[in-house]
Every structure is written in structure tokens, then in C-alpha cells.
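A.B. asks: no sequence on this one, just coordinates:
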Ligand SMILES: Cc1cc2nc3c(=O)[nH]c(=O)nc-3n(C[C@H](O)[C@H](O)[C@H](O)COP(=O)(O)OP(=O)(O)OC[C@H]3O[C@@H](n4cnc5c(N)ncnc54)[C@H](O)[C@@H]3O)c2cc1C
């Protein structure tokens with residue numbers, strides 16, 4: 001594939017064209033760097049994901065990409081272990097829904113429009129650093145002054161940098177054709193807090209598809225599968241047409257997990273930047289990818305260190321907060337359900353986080369929240 005090898009040294013090579021990688025490639029190209037973006041998959045490619053965009057995600061995508069939003073949601077419904085439902089409706093929508101296939105393809109196209117070269121179907125097998133970073137790929141060797149690793153959960157770049165996971169989940173998901181009788185669900189999301197510690201289930205609507213999934217700590221796949229079956233039954237979707245069934249691991253970083261090794265920096269899921277409680281990751285991918293693109297275009301040691309500092313200052317506190325809230329949720333799911341689903345304060349905070357008006361870190365800095373967390377010893 002000549003586009004991969006026809007330049008002797010690229011300023012920036014980005015591995016992985018998810019939200020993190022395509023944002024990084026677009027921003028570095030906009031700043032004048034020669035940028036190669038590669039992905040092992042052929043695009044458009046499917047990604048197991050709810051496709052829910054919170055306000056912070058919307059803030060970090062070019063306006064043209066918002067044409068891929070399929071639904072805007074103004075209602076949230078909760079159950080605890082399949083019990084009775086509580087719902088909350090806002091006058092204005094607070095979450096946007098995308099199909100990742102279309103969303104990620106549009107982000108990669110935006111990178112190309114900014115001047116990046118995108119080659120799909122190229123797998124990176126290993127990295128080494130000499131005078132430049134050398135990537136061994138399925139299409140030969142590529143050299144770069146800086147590499148941005150955006151190759152997702154447990155990818156080659158994260159392993160090269162030494163990313164350490166603080167926890168790993170297994171998620172199972174179905175894409176189900178929305179039965180005509182359930183079209184009324186098109187503007188609502190539905191969550192169930194599960195029986196196993198830290199588990200939950202979701203139903204996210206798209207144009208004519210319901211994304212239905214469950215997530216819980218990796219290690220009991222049969223229990224995770226049973227939870228998915230129960231959830232599908234609870235939604236009245238047993239027997240509905242399943243367009244796709246898939247599974248994916250999700251992981252979040254330990255507090256001291258590295259973000260850089262030499263001239264390689266990692267972003268998004270490759271750096272395990274994910275909220276441990278909600279498992280929201282697209283906003284982390286878009287933000288860290290954007291900052292990585294800026295840093296790589298800057299090129300110097302200071303710029304790469306600046307990327308690390310920014311992630312530690314702006315994203316790590318939310319991951320720490322999510323980790324504390326996950327502990328509370330694991331120990332006291334009823335209490336969490338009561339607060340979020342049945343109290344005005346809890347549902348207001350939930351909506352504010354979805355809108356991007358508050359972060360988990362800002363919520364737990366509040367003195368009432370600090371007091372409550374001390375009471376439950378989290
Ligand atoms: C079931 C599930 C539901 C989720 N729902 C939501 C949600 O509703 N909202 C939300 O905000 N977050 C959600 N997340 C998290 C979200 O999906 C991720 O955080 C997000 O996709 C991270 O983006 P990324 O660009 O870092 O990685 P990815 O989107 O995973 O992209 C990585 C890319 O790297 C490529 N790649 C991998 N290895 C190589 C290689 N060796 N060489 C070349 N290319 C390679 C892959 O093909 C892929 O295209 C969910 C996660 C799961 C598992």
C-alpha cells in the first residue's frame with residue numbers, strides 16, 4: 001500500500017481511527033503536520049458501544065459530524081434488578097445517540113478533509129524507537145517523529161507504553177430492530193441496576209434500532225449472558241430481530257498508569273481513559289485525542305509532557321471520582337437507585353452530567369457529597 005510507505009518519515013502517525021485517533025489526526029493535520037492515520041479494520045467499521053454522547057462529547061466534535069446524531073433523548077427510566085420503573089422527563093433533550101459506524105466514519109473523513117492521510121486495513125504489529133518511532137505493520141515499516149496510540153482497549157500501543165488497568169469489564173450488546181409497538185421508546189434511555197456488584201444494563205434508541213446491553217466485571221461470562229437474557233425479556237424484546245450481537249472489554253486506568261513512553265503518547269481507550277462507574281468513554285477519547293493531536297503537532301518534549309499534564313489535571317480526577325462512585329454503587333446499589341431515580345437532587349445531577357454541565361469530580365467535591373461518601377466509607 002503505497003500511501004503508507006511513500007513518505008520516508010511522517011511527523012505524526014496515529015494508530016486507530018476511533019474518536020480518539022481521528023480527532024488527534026484532524027487536529028495535528030490542521031496545525032500543519034504530515035499525518036498518517038491507520039486502522040486495522042476496513043471503514044466504515046462496527047464498534048460495540050451504546051453510542052450515547054454526553055454534552056462534553058458534543059463540545060469536542062466538529063459541527064458537521066452532528067449530522068450523524070440519530071436521536072435526541074429527553075426521558076430516562078430506571079429499574080433496580082428488574083423491579084418497578086421510575087422515569088424522569090426534561091423539557092429539552094440531554095443525551096444524543098449515534099451509530100458508531102457512521103459517527104466514526106465521519107470523524108475519519110474530517111481528519112482527511114483537514115489534510116491527514118487515512119489508510120484502513122493496516123494492522124500495527126509492534127513499535128520500536130531509534131532515531132524515529134518505527135512501526136512494523138501488515139503493510140511494511142512506517143517511521144514517525146511522534147506516534148499517537150489510539151488503538152483501543154488493550155491495544156499494542158498501550159502495551160508498549162505500559163498502561164495498567166485498574167479494573168476490566170465485559171460488555172455484551174445487541175442491536176435490535178425497534179418493533180413498531182416500541183417506537184415510543186425513541187426519545188428515552190432505560191437503565192437497570194443489576195444483581196452482580198457494579199453491573200448495569202441499558203437500552204439506547206437509534207433511528208430504527210435499539211441498542212441493548214449489559215456490563216459487569218470480567219470473569220463471569222455466563223452470569224453476564226444470563227443478565228443480558230433477563231434484560232431482553234424485561235424490555236419485552238425476546239423474539240425481536242437481532243441485527244448484531246457482540247461483546248467487548250472495557251477498562252480504566254490506575255492512578256499511576258503511564259500516558260507516554262519516549263515519542264509515543266496514548267489516548268482514549270488505549271490509555272484506559274474511561275469512567276469506571278458509567279463506563280462513558282467517548283468524551284475521554286475525543287478530549288484526549290484532541291490534546292494529543294495538538295501536542296504531537298507541537299512536536300517538542302515540552303508539548304508531549306504538556307499532554308500528559310493536561311490529562312492528569314483534567315481527566316484523571318474524573319476517573320478517580322468514578323472509581324469511588326463505583327465502590328459506593330457496588331456496595332449500596334439500592335441507595336444509589338434511590339438517590340438517582342427517586343430524588344429530585346439525584347436526577348438533576350444525572351441530567352447535569354449528561355449535559356456536560358457537571359463532572360463526577362465536581363460533584364464529589366461538594367461538601368454534602370464529601371460527607372455522604374464518608375458515611376458510606378467510600
Ligand atoms: C458495550 C460498550 C458500550 C459503551 N457505550 C458507550 C456510550 O454509550 N457512550 C460513551 O461515551 N462510551 C461508551 N463506551 C465506551 C466507548 O465505546 C469507548 O470509550 C470509545 O470507543 C473509545 O474510543 P477510542 O477511539 O479510544 O477507541 P476505539 O473506538 O476502540 O477505536 C480503536 C481503533 O483502533 C483500531 N485498532 C486496534 N488495534 C489496532 C492495531 N494493532 N493496528 C491498527 N489499528 C488498530 C481498531 O480497529 C479501532 O478502530 C462503551 C463501551 C462498551 C464496551
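C.D. replies: Perfect, I can see it now. Note that the structure is predicted; figures quoted are calculated from it, not measured.

A.B. asks: in space, what's closest to the residue nearest in space to the middle of the chain - neighbours in sequence excluded?
C.D. replies: For the chain, residue 281 is the residue whose C-alpha lies nearest the centre (C-alpha atoms, centre = their mean; 2.3 Å). Leaving aside its sequence neighbours, residue 281 sits nearest to residue 274 (C-beta to C-beta, 6 or more residues apart in numbering; 4.1 Å). C-beta here means a position set from N, CA and C on the backbone, and glycine is covered the same way.

A.B. asks: who in the chain is up against the ligand?
C.D. replies: Neighbours of the ligand within the chain, by C-beta under 6 Å from any ligand atom: 15-21, 38-41, 45, 47-52, 123-124, 150-152, 155-156, 171, 173, 213, 248, 250, 268-270, 274, 279-283, 285.

A.B. asks: give me the buried subset of these.
C.D. replies: 15-21, 38-41, 45, 47-52, 124, 150-152, 155-156, 171, 173, 213, 248, 250, 268-270, 274, 279-283, 285 (16 or more other C-beta atoms under 10 Å).

A.B. asks: out of these, name the ones that lie in helices.
C.D. replies: 19-21, 156, 282-283, 285 (DSSP state H).

A.B. asks: can you pick out the most distant pair from those residues?
C.D. replies: Greatest spatial distance in those: 156 and 283, 24.1 Å, computed using C-beta to C-beta.

A.B. asks: quick one: the helices in the stretch 51-200 of the chain?
C.D. replies: Per DSSP state H, counting those that start in this stretch, the stretch 51-200 of the chain carries helices over the ranges 55-59, 100-113, 156-161.

A.B. asks: pick the most buried one from the ones you listed.
C.D. replies: Greatest average neighbour count among these goes to helix 156-161 (a mean of 23), per mean count of other C-beta atoms under 10 Å.

A.B. asks: packing partners for that one?
C.D. replies: Contact here means 3 or more C-beta pairs under 8 Å, 6 or more residues apart in numbering; DSSP states H and E; on that basis helix 156-161 packs against strand 124-129, strand 140-149, strand 260-261, strand 264-266.

A.B. asks: can we see that at 6 Å?
C.D. replies: strand 264-266 (3 or more C-beta pairs under 6 Å, 6 or more residues apart in numbering; DSSP states H and E).

A.B. asks: partner strands of the strand it packs on and their direction?
C.D. replies: strand 140-149 (parallel), strand 260-261 (antiparallel) (DSSP bridges).

A.B. asks: the residue lying closest to residue 250 once chain neighbours are set aside: what's it in contact with?
C.D. replies: Among residues not flanking residue 250 along the chain, residue 169 sits closest, at 4.6 Å (C-beta to C-beta, 6+ apart). Contacts for residue 169 (C-beta atoms under 6 Å, 6 or more residues apart in numbering) come out as 215, 217-218, 250.

A.B. asks: over to residue 58?
C.D. replies: Contacts of residue 58 were listed using C-beta under 6 Å, 6+ apart, and none were found.

A.B. asks: could you measure from residue 191 over to residue 242?
C.D. replies: Distance, residue 191 to residue 242, by C-beta to C-beta, to the nearest Å: 20 Å.

A.B. asks: low pLDDT regions in the stretch 151-300 of the chain?
C.D. replies: For the stretch 151-300 of the chain, no stretch is flagged by pLDDT under 70.

A.B. asks: hmm, residue 162 is touching residue 258, no?
C.D. replies: Yes. Look at residue 162 against residue 258 with C-beta atoms under 6 Å: they come within range, at 5.2 Å.
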